[in-house]
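Peer 1: Give me the fold of what follows.
(2 chains)
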Amino acid sequence: MNKYTEDDLKKELETQEYEYGFYSELDAETFPKGLNENIIRAISKKKKEPEWMTKWRLDAFKIWQEMNEPEWANVHYKKPNFQEISYYSAPKQKTKLNSLDDVDAELLAMYKKLGISINEQKRMNNVAMDIVVDSVSVATTFKETLAKKGILFMPISEAIQKHPKLVKKYLGTIVPQKDNFYAALNAAVFTDGSFCYIPKGVKCPMELSTYFRINEGGTGQFERTLLIADKGSYVSYLEGCTAPSRDENQLHAAVVELIALDDAEIKYSTVQNWYPGNAEGKGGVFNFVTKRALCEKNAKVSWTQVETGSAITWKYPSCILKGDNSVGEFYSIAVTNNFQQADTGTKMIHLGKNTKSTIISKGVSAGKSQNSYRGLVQIGARAENARNFSQCDSLLMGNDCGAHTFPYIECKNKTAQIEHEATTSKIGEDQLFYCNQRGIDTEKAIALIVNGFSKEVLNKLPMEFAVEARKLLEISLEGSVG
Amino acid sequence: MKLKEKLITSFFELENEGMLDLDSNIHKIRSKAFADFENKGFPTKNDENWKYTSLKSILNNDYTVFPNNETVLELKDVKKYFIHEIDSYKLVFIDGVYSSFLSDTTHERMDICLMSSALKNTKYKIIIDHYFNTIANRSGSITSLNTAFSRQGAYIHIPKNTIVPKPIQIIHFSTKNEKELLLQPRNLIIVDENSHVQIIERHQSLSDAIVLTNSVTEIFANKRAIVDYYKIQNDTENASLIDQTFIQQKKHSNVSVNTFSFGGKLTRNHLEFHQEGERIDSNLNGITIIGNKQLVDNHTAVFHKYPNCESHELYKGIYADASTGVFNGKVIVRKEAQKTNAFQQNNTILIGKKATINAKPQLEIFADDVKCSHGCTIGQLDEAALFYMQQRGIPKKEAQGLLLYAFSNAVVEKIKIPELKSRITKLIAMKLDVNYCL
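Peer 2: Next up, the predicted model:
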């Protein structure tokens, strides 16, 4: 029997390449590089936006110009030059698409490579999908089925035109333009994203899904997602991302706003697999994302994220638990390898009575990567009987990586109950030995242990994503144990 | 006049009056530290390390920087502040001035004396130059301020293979009623190979005057040395304390610092452990019980730099009324520090309606073969336990006190001087209003 040693595993891992690193030749229309008021007006015009929207963008741009890039995160990188980025890139379309059959064949081929076949999707999976390439939403499936229930699911650019009242009412209420540097930038230049509205009491019959893809070089992707769950409704939303392998660093600065009105429930899952850069740390996507949810009375928002990609991740999906009895959940696995750096976590702001939050964060670092958890649990003075449970576990593989936790706990109410636990460890030799003893080889044992380590989070993912996520984990982790 | 400006002029005054040896190495360190303070000023809330503690309320006073002549205190008036049940070496300072009457120092086989006299005596020059400000120099502007004005404090040097027969008590009294007072004691403690020492430190205000103490202590524990350090902080509501303790440990040494914070307007404890060798054990324990509008801020950091070391940290806090607690526990494990065991635990009970706790347990780990964990809880007393006790005829208030007493007991258990232990037990019982039979 050939002995499969850990060195073999390590080699295998190092040669394991980014699967989604291809670049598709799409005929694209790209704006010149640089950012100024004219570019913003041009984006707005291109999108046929109403006047208020243009103004909103310009306001954001003004705010952005006065802001400085945040430097508090535990990541080190060369700051992107914001004038060297093209803020609009769209696959060229001659006419408006009526059905999926009209979609560009190149585009379809790309999706096939990505493992998402839109055609197949139509029949097999019960998932409605919005696909965003570079800056523009290219295809949305299942629109009609959803429309029957009164659910609006469309690119946000379309929503601005068709449902301006809804958009105007909610856009920027959770993440205002001035919230932070990247949120302001996004507000000024966002080109597309998904918009979703679930009417009162409607339980969305299928998973809604958005797939993001950066394709063109020298572009940044700035999408904005706005999801509103009206009273008593339910929706589960998935988000996935990939990008081609390039030597340059690409910028992705997205904003996601979730609004869960009374008794509503939103489940938001992300599998983030942007190009992480090569083994020498060259290239990769800079992922600066602001995600926030507002929970009204009895509402529940649950964030689940699997982070395996990006050279830099800067992301803190948060919940504002405003209503009484509202619930916030955060489940996350962040895997970093090679030169990746992740600074990610969550904020749970308890304002209402009897609010509850759970944070489960698992970090796995390998290679020369740095993985940080940064979280805030804040209990307001009026948040009676608030309850929080946090758990941050880190797994280190090899001796060149680092794991960090920066949990902030601020409690102003004596009835609150908060627990925070964090551990850091490696895969124990005794654990491996135990498996080996029982006839499980090292490779499988590691997979088993890592799977067990991240099970609590993987279990929260919808079926379709759980499989993909598990696969991603295996690719990223196998054999990094030294 | 703003405090900063006042301190700047005071420093030049100090230099001009010929009170210091301006050519010495120490003065070079002072000048450098002074420049650092002049440059940075006092920390504000924008500083991550001072995010939750504002110094504003205590910096607006017109402090007297130079203490006056010696005030005489009668032993019987201050006896209760000593652990008087046991024989001990004593270093007593009244308004920053050494009180030879209350003190009990020695130069026999070891040096337990004053910083000011050690600075004057050339015999100590080599040692002072070798150790002074070598670990405190990387800290913030407040430490620099202390360094710039460092003249007085405790100087303790325990040579090789010595077990100090009795504990050392360092006590700072402040008495001035009419004036706000700023005290800046500086302690240097060196414990050589195989030696063992126990030290109790206390800052006590005897009046209602406003006092701010900015204290810095450097402790050097060489090979296999054992140091037990106890800090008792049970001051008046006008007294504030910024206490910074820096510890450097060499291999196989064991240092414990136990902090008991029971009062004061604002108490900031900065505790830093630097491990410079293998198989080191560092222990950090603390109990905080405060009420009213008091604030206690515990900032701890342990730097693991060598393999096979341990650190154990246990902090308990009980916050009543509108008091505020801050806990920031950093554990940094460098790449070389394999097989590190680092444990940190921080438990808090809020009993006051307006009480606040801000906790930030922080782990930064660069080595893979380590066992590190931190736990942080904030909660209330167990209703069921309270009910059980009430059912058995114990009044609610007393039951509450007993439960809180039990909560803090895990830290009390770690005190190694029996007399001190019973003193602390009494203090806790008093704070919690329980009639614990002693």
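Peer 1: Show me where the stretch 151-300 of chain A dips below the pLDDT cut-off.
Peer 2: A:213-219, A:241-248 (pLDDT under 70).
Peer 1: Might you name the residue of it sitting closest to chain B?
Peer 2: A:N180 (16.5 Å; C-beta to the nearest C-beta). Backbone N, C-alpha and C define where each C-beta goes, glycine included.
Peer 1: and that residue, how many neighbours?
Peer 2: For A:N180, the number of neighbouring residues by other C-beta atoms under 10 Å in any protein chain shown comes to 20.
Peer 1: buried ones in the helix or strand hosting A:S302?
Peer 2: Using DSSP states H and E, the secondary-structure element containing A:S302 is strand A:300-307. For strand A:300-307, burial by neighbour count (16 or more other C-beta atoms under 10 Å in any protein chain shown) applies to A:300-307.
Peer 1: Three-state assignment for B:C376, please.
Peer 2: Using DSSP: H, G, I helix; E, B strand; the rest coil, the structure places B:C376 in strand.
Peer 1: Surely it is in contact with B:N358, unless I've mixed up the numbering?
Peer 2: No - contact criterion C-beta atoms under 8 Å: B:C376 and B:N358 do not qualify, at 11.1 Å.
Peer 1: Please identify every residue contacting each of these two.
Peer 2: Each of A:409, B:327 lies in contact with both B:C376 and B:N358 under the rule C-beta atoms under 8 Å, 6 or more residues apart in numbering or on different chains.
Peer 1: just to revisit the earlier point, tell me the contacts of the residue of the stretch 151-300 of chain A closest to chain B?
Peer 2: A:67, A:70, A:290.
Peer 1: need the contact list for the last one.
Peer 2: It refers to A:T290. Here A:T290 is in contact with A:175, A:179-180, A:182-183, A:186, A:254-256, A:315-316 (C-beta under 8 Å, 6+ apart).
Peer 1: One more pass at 10 Å, please.
Peer 2: Neighbouring residues of A:T290 by C-beta atoms under 10 Å, 6 or more residues apart in numbering or on different chains: A:174-175, A:179-184, A:186-187, A:224, A:253-257, A:314-318.
Peer 1: Now it: closest residue in space, sequence neighbours ignored.
Peer 2: A:A183 (4.5 Å; C-beta to C-beta, 6 or more residues apart in numbering or on different chains).
Peer 1: For the one you found, which three-state class applies?
Peer 2: helix.
Peer 1: what are the ranges of the strands in the stretch 251-400 of chain A?
Peer 2: Assigned by DSSP state E, counting those that start in this stretch, the strands in the stretch 251-400 of chain A fall at A:255-260, A:265-272, A:284-295, A:300-307, A:312-315, A:318-321, A:327-336, A:341-344, A:347-350, A:356-365, A:370-379, A:387-396.
Peer 1: Let me have those strands in TSV, adding distance to B:T175 as columns.
Peer 2: Shown next, in TSV, are the strands of the stretch 251-400 of chain A (distance: least, C-beta to C-beta, whole Å):
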stretch	distance to B:T175
strand A:255-260	60
strand A:265-272	63
strand A:284-295	55
strand A:300-307	58
strand A:312-315	54
strand A:318-321	51
strand A:327-336	53
strand A:341-344	51
strand A:347-350	46
strand A:356-365	50
strand A:370-379	42
strand A:387-396	46
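Peer 1: is it true that B:C372 touches A:T424?
Peer 2: Yes - applying C-beta atoms under 10 Å as the test, B:C372 and A:T424 come out as touching, 4.4 Å apart.
Peer 1: Could you check which of the two is surrounded by more residues?
Peer 2: A:T424 (29 against 25).
Peer 1: Next, work out how far apart that one and chain B are.
Peer 2: As judged by C-beta to the nearest C-beta, to the nearest Å, A:T424 and chain B stand 4 Å apart.
Peer 1: Confirm that residue sits in a helix?
Peer 2: No - assessed with three-state DSSP, A:T424 is strand; it does not lie in a helix.
Peer 1: hmm, back to that, so for B:C376 and B:N358, which sits in the more crowded spot?
Peer 2: B:C376 (25 against 19).
Peer 1: got the residues of the stretch 51-200 of chain B near chain A?
Peer 2: With C-beta under 10 Å from any C-beta of the partner chain as the criterion, the stretch 51-200 of chain B comes near chain A at residues B:51-52.
Peer 1: Can you name the residue of the stretch 51-200 of chain B nearest to chain A?
Peer 2: Closest point on the stretch 51-200 of chain B to chain A, by C-beta to the nearest C-beta, is B:Y52, at 7.9 Å.
Peer 1: And for that residue, the neighbour number?
Peer 2: 21.
Peer 1: Kindly confirm my reading that it forms part of a helix.
Peer 2: No - B:Y52 is assigned coil when assessed by three-state DSSP, not a helix.
Peer 1: and B:S117, how many neighbours?
Peer 2: 15.
Peer 1: Closest one to chain B out of the buried residues of strand A:300-307, please.
Peer 2: Nearest member of the buried residues of strand A:300-307 to chain B, counting by C-beta to the nearest C-beta, is A:E307, at 18.8 Å.
Peer 1: Okay, the closest one and A:S454: tell me how far apart.
Peer 2: Distance check for A:E307 against A:S454: by C-beta to C-beta, to the nearest Å, it reads 11 Å.
Peer 1: What values do phi and psi take at the closest residue to B:G277 other than its chain neighbours?
Peer 2: Closest residue in space to B:G277, ignoring its immediate chain neighbours: B:K251 at 2.9 Å, by C-beta to C-beta, 6+ apart. Phi and psi for B:K251, reported as degrees, to the nearest 10, are phi -60, psi 150.
Peer 1: Just to check, B:K251 is in contact with B:I280?
Peer 2: Yes - counting by C-beta under 10 Å, B:K251 does reach B:I280; the two are 6.4 Å apart.
Peer 1: what residues are shared contacts of those two?
Peer 2: B:306, B:308-309.
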